[in-house]
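*Asks:* Sequence first, predicted coordinates after that:
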2 protein chains.
Amino acid sequence: MTGRDRRSGAETREQILRVALRLFTEKGYEATSTRDLTEALGLTKSSLYYHFRNKEEILASLVAERRHDLDELIAWVRAQPRTRDLAARAARRWLAGTRPEHLHAMRLADANQPVMRRITGHGTDVVGGFDELIDLLADDDTEPQDRILLRMTFDTVRAALLAARPDDVDPADVLAAARRASDALSAAAERAREA
Amino acid sequence: MTGRDRRSGAETREQILRVALRLFTEKGYEATSTRDLTEALGLTKSSLYYHFRNKEEILASLVAERRHDLDELIAWVRAQPRTRDLAARAARRWLAGTRPEHLHAMRLADANQPVMRRITGHGTDVVGGFDELIDLLADDDTEPQDRILLRMTFDTVRAALLAARPDDVDPADVLAAARRASDALSAAAERAREA
DNA sequence: GTCTATATAGAGATAGAC
DNA sequence: GTCTATCTCTATATAGAC
């Protein structure tokens, strides 16, 4: 470090991401201009473009890496005996792996669905991974509505986020509600499978 | 009618809304330009602006009027005896009133959360209505996570929509899954209230 | 009610000095 | 690594003829 008020490049990059996460979530990606970003940061646009090739790359950097966890879950499911409660155990495992810090990225993705579809390669993203997971857990003769219900058991964190007011909410409460909801839905789905 | 290929003003307006609903949902409101709209319609931008004052008014026209149903539900809840299963019955009533044609507007709202927040007056929109409803159904000492769970019981249609792949899905299946999910969550929430 | 033509502003992005 | 200055394009929206 050459001086006390000198930021390293990596630090600046992190600050940009932090501010972008907030603005992209609150105002939306498209409605947030590079000018909005730089004004909030006390930077110029040129500096911004030194750190990122374009605006989309900022967004892409923010949503990387949850797919890896999902691939692990899929591998785990493949290795399990196909007991009747496999789906329920898988859902529990997934929910247990969801940490409070994941919520920010989830909100971001939820708030910007169209552009998220544009930037994530089909099949390589989290959404595509869930398709694979559900195929693994469902039989060929599973009714469409049962597939939807099954998928909902894995997606209760998003549902809980939508149900919670964005402000003044404790991430721990969101996760707690999501886990209870997932258990309840698992039970309902399992009941259907037995019938 | 003065001729067979002459559209009335109202017809054109409906066509604009139909195309806008599709594009705003697929590409997103901000990413859909007035040019995209007019090209899909075979109209010019000027004609578009004859029918709507601005782009935002098109979006606003698409999301009007679900709030009315919610106000009715709130009034119904107020008139009910406060039995322990009131929340469950209210959720059932709300789900029963959700029709397949509501799903399109829901998808639209979900895909464009930031701009939806911008155009809906705080408190007068559907989101604000739910706050009111939940306050009505929850006690003052209800835990935050229980409030979230309670709200999730009313919001399972959105959750089911998120869990279903947008294409190739029957609205009836989405609604069926949503109703079952809502019942399961109601039961879980009720169990918590008893404990 | 639809058109052609245009006004105006703001976006994303780059050049090149320091 | 950050700056000033600028380019270029596309957006929303309007004026006014038919």
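*Replies:* The structure has been received and is ready for your questions.

*Asks:* Show me the shaky parts of chain A.
*Replies:* A:1-7 (pLDDT under 70).

*Asks:* Any idea which residue of it lies closest to DNA strand D?
*Replies:* Closest residue of chain A to DNA strand D, C-beta to the nearest atom of the strand: A:Gly9 (2.1 Å). (C-beta placed from N, C-alpha, C; glycine too.)

*Asks:* That residue - how many residues pack around it?
*Replies:* A:Gly9 has 9 neighbours, counted by other C-beta atoms under 10 Å in any protein chain shown.

*Asks:* swap in the one 3 residues further on?
*Replies:* Residue neighbour count, defined by other C-beta under 10 Å, stands at 16 for A:Thr12.

*Asks:* what's near enough to touch the residue of chain A closest to DNA strand D?
*Replies:* Residues near A:Gly9 by C-beta atoms under 8 Å, 6 or more residues apart in numbering or on different chains: A:His51.

*Asks:* So which residues on chain A come close to DNA strand D?
*Replies:* Applying C-beta under 7 Å from any atom of the strand, we find that chain A lies next to DNA strand D at A:Arg7, A:Ser8, A:Gly9, A:Thr12, A:Gly42, A:Leu43, A:Thr44, A:Lys45, A:Ser46, A:Ser47, A:Tyr50, A:His51.

*Asks:* Of those residues, select the buried ones using a ChimeraX command.
*Replies:* To isolate the buried ones among these in ChimeraX, judged by 16 or more other C-beta atoms under 10 Å in any protein chain shown, type:
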select /A:12,43,51
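
*Asks:* List just the nearest of the residues of chain A next to DNA strand D to chain B.
*Replies:* A:Lys45 (19.7 Å; C-beta to the nearest C-beta).

*Asks:* Distance check, that closest one against DNA strand C.
*Replies:* 5 Å (C-beta to the nearest atom of the strand, to the nearest Å).

*Asks:* Nearest the geometric middle of chain A, what residue?
*Replies:* Centroid-nearest residue in chain A, with C-alpha atoms, centre = their mean: A:Met106, separated by 3.7 Å.

*Asks:* quick one: contacts for that residue?
*Replies:* Contacts for A:Met106 were tallied using C-beta under 8 Å, 6+ apart; they are A:Val157, A:Arg158, A:Leu161.

*Asks:* Okay, and which of these map to helices?
*Replies:* A:Val157, A:Arg158, A:Leu161 (DSSP state H).

*Asks:* sorry, back to before: from the residues of chain A next to DNA strand D, which ones fall inside helices?
*Replies:* A:Gly9, A:Thr12, A:Lys45, A:Ser46, A:Ser47, A:Tyr50, A:His51.

*Asks:* Which members of those residues are the farthest-apart pair?
*Replies:* Comparing all pairs in those by C-beta to C-beta, the longest separation belongs to A:Gly9 and A:Lys45, at 16.9 Å.

*Asks:* quick check, nearest of the ones in helices among the residues of chain A next to DNA strand D to B:Val63?
*Replies:* Closest to B:Val63, out of all of these and judged by C-beta to C-beta, is A:Lys45, at 34.1 Å.

*Asks:* can you map out the helices along chain A?
*Replies:* Going by DSSP H, chain A shows helices at A:9-26, A:34-41, A:45-51, A:55-63, A:67-79, A:86-96, A:102-111, A:113-119, A:126-137, A:144-154, A:156-163, A:171-194.

*Asks:* List of residues touching the second one?
*Replies:* Counting by C-beta under 8 Å, 6+ apart, helix A:34-41 makes contact with A:15-16, A:19-20, A:23, A:27, A:44-45, A:47-49, A:55, A:58, all of which sit outside it.

*Asks:* got the CA coordinates for it in CSV?
*Replies:* Below are the C-alpha coordinates for helix A:34-41, written out as CSV (Å, rounded to 0.1, in the frame of the first residue of the first chain):
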residue,chain,number,x,y,z
THR,A,34,-23.8,3.4,-15.2
ARG,A,35,-24.1,7.0,-14.1
ASP,A,36,-26.3,5.9,-11.1
LEU,A,37,-23.6,3.5,-10.2
THR,A,38,-20.7,5.9,-10.5
GLU,A,39,-22.4,8.7,-8.7
ALA,A,40,-23.2,6.4,-5.8
LEU,A,41,-19.5,5.3,-5.8
